[in-house]
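Visitor: coords please:
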Amino acid sequence: MVAYTQNELISVTEISKQFGEYISKVKNGTIEKIGVLKNNKLNAVILGAEEYEKMSQAYEILEDMDIYTDIQDRLDATDDKLLDGKDVMTKHGFSLDV
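Guide: Below is the predicted model of the structure:
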């Protein structure tokens, strides 16, 4: 779980009142991230665009590695332990249906 400092947790009401100020703080690095609280529960996170892009790219790499592992497992499997291609595709959200 991600840890937040006290100045990184802001209520949705406070964010709505001073949105521009908080966006500036994230953009200039004064605050790394902002956890937006609604009813005292974390509801959303505001990140700088650069940080979001890094996280998105890292997630894509992890997905690719997971797919590669499944393909390698399929190639290495003996005939009696072959993985079903449809199951692998379903696991990764792919479909042959048009």
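Visitor: Domain-wise, how is the protein divided?
Guide: Annotated domains of the chain cover 6-47, 51-91 [automatic domain parsing].
Visitor: can you redo the ones you listed as TSV with distance to residue 97 and mean neighbour count?
Guide: In this view, the C-beta of every residue, glycine as well, is placed from N, C-alpha and C. Shown next, in TSV, are these (distance: least, CB to CB, whole Å; neighbours: other CB atoms under 10 Å):
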stretch	distance to residue 97	mean neighbour count
domain 6-47	33	13
domain 51-91	10	11
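Visitor: CSV please, covering those domains and showing mean pLDDT.
Guide: Converted to CSV, the domains of the chain look like this (pLDDT from 0 to 100):
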stretch, mean pLDDT
domain 6-47, 94
domain 51-91, 83
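Visitor: remind me, longest helix of this structure?
Guide: helix 49-76 (DSSP state H).
Visitor: Would you mind pulling up the elements that that helix packs against?
Guide: helix 85-91 (3 or more CB pairs under 8 Å, 6 or more residues apart in numbering; DSSP states H and E).
Visitor: any residues touching the helix it packs on, and which ones?
Guide: Residues outside helix 85-91 that contact it (CB atoms under 8 Å, 6 or more residues apart in numbering) are 70-71, 74, 95-96.
Visitor: ok, of those residues, which one's closest to residue 30?
Guide: Set against residue 30, the nearest of the contacts of helix 85-91 by CB to CB is residue 70 (42.5 Å).
Visitor: I'd say the closest one and residue 94 touch.
Guide: No. Between residue 70 and residue 94 there is no contact, the gap being 11.1 Å when judged by CB atoms under 8 Å.
Visitor: Give me the contact list for stretch 39-53.
Guide: By CB under 8 Å, 6+ apart, stretch 39-53 touches 2, 4, 9, 12, 15, 22-23, 26-27, 29, 32-37, 55.
Visitor: at 7 Å instead, please
Guide: 12, 22, 26-27, 33-37 (CB atoms under 7 Å, 6 or more residues apart in numbering).
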